[in-house]
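Q: Build me a model:
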Amino acid sequence: MFMRLSFRRSPWPARGRSRRMPVAPLAVLAVGVLALSACSVSEVMRPDVDVGAKTSAVPARGLARLVPSNPFMAGFPRFNSPASPLQTMSAEERQCRTALKRLGVTYRDIAPINDSASCRIDHPVEISGFSGNIALKPAATLNCQMALAFARWTKDELAPAARWRYMSGIRTIHQGSSYSCRRVNGTTKMSEHSRGNALDVMQIDLKNGKKIDVRKPGWFSFRERGLLNTVRSDACGYFTTVLGPGYDRDHADHFHFDIKPRRNGYRACK
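A: Predicted structure coming up:
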């Protein structure tokens, strides 16, 4: 609030000692009042950003050679607000976590990720396992909606398909990339990984010791080929993008799953 100071000469003649205060001291006083009202001590001492522990920007894991990381982020620390149980979540986020618990997903909430305007997850979760004692290695950083889609696919499609074809449960799913601040290879478009919207699967280990590499199996690997074809086609009901071996060179050794929003419900399953 600004104070208007007005100095008018009285129409009556001054008698005796003048009661007028010199203009210069009043001007100095006014400037001081304005300065105090515009900037409090607490605002001067308090930083604009609550800086937490310094950590480098999350690098591309596993598939970094396929999709180069964001050059503008390399070497810069990430300033995340510390995770807080009192942090406000939308009803959708709370319902998503309830669904994860019902599915038996092993997860934990981690601090918000804000590496840039294009690389962020407001309420990320770290997923390390699924129902049936299925481990996910390494633990994946995703947004809750992607984690839920992958958990449902694992429980309803992948695990039953493995039991039916190999008479065995799944021990471990090996992922090559979850959250990663990077662009789509050869373009300026940001990858769905940069929003925690995607997960890449490299290998599936069964409890009977069988290791199923996602890379295109040989001609005589009938059961392995059948399993991979089944879970790949069924995944289109859970994800909006399903890419894998045979699609292009960049996806020759893994399945890429994401939940990228598209108009008219379009899905890219190739």
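
Q: what bits of the stretch 151-270 of the chain have low per-residue confidence?
A: Judged by pLDDT under 70, the stretch 151-270 of the chain has its weakly predicted residues at 216-221.

Q: now do 90
A: 184-188, 214-232, 244-253, 261-270 (pLDDT under 90).

Q: All the strands of it, residue numbers only.
A: In the stretch 151-270 of the chain, the segments counted as strands under DSSP state E, counting those that start in this stretch are 170-177, 198-206, 211-213, 241-243, 255-258, 268-269.

Q: Show me the one of those strands that comes nearest residue 119.
A: Evaluated with C-beta to C-beta, the strands of the stretch 151-270 of the chain place strand 198-206 nearest to residue 119, the distance being 12.7 Å. Every residue, glycine included, has its C-beta placed from N, CA and C.

Q: The closest one packs against which elements?
A: helix 144-153, helix 159-166, strand 170-177, strand 211-213, strand 255-258 (3 or more C-beta pairs under 8 Å, 6 or more residues apart in numbering; DSSP states H and E).

Q: strands paired with it, and their directions?
A: Next to strand 198-206 in the sheet, as set by DSSP bridges, lie strand 170-177 (antiparallel), strand 211-213 (antiparallel), strand 255-258 (antiparallel).

Q: which residues are in contact with the shortest one?
A: By that I understand strand 211-213. The contact list for strand 211-213 (C-beta atoms under 8 Å, 6 or more residues apart in numbering) reads 202, 203, 204, 205, 206, 224, 227, 228, 253.

Q: partner residues bridging the third one?
A: So that's residue 204. Counting by DSSP bridges, residue 204 forms beta bridges with residue 173, residue 212.

Q: Equivalent analysis for residue 136, please.
A: Judged by DSSP bridges, the bridge partners of residue 136 are residue 173.

Q: pLDDT score for it?
A: Listed pLDDT for residue 136 reads 98.

Q: do you know how far it is from residue 109?
A: Distance of residue 136 to residue 109, computed by C-beta to C-beta, to the nearest Å: 16 Å.

Q: Ok, residue 187 next?
A: 32 Å.

Q: out of those two, which sits in the more crowded spot?
A: Neighbour tally, residue 187 and residue 109, criterion other C-beta atoms under 10 Å: the higher count belongs to residue 109, 17 against 9.

Q: Would you mind listing the residues in contact with that one?
A: 83, 97, 123, 124, 125, 126.

Q: Just those residues: which are in helices?
A: Members of the contacts of residue 109 lying in helices (criterion: DSSP state H): residue 97.
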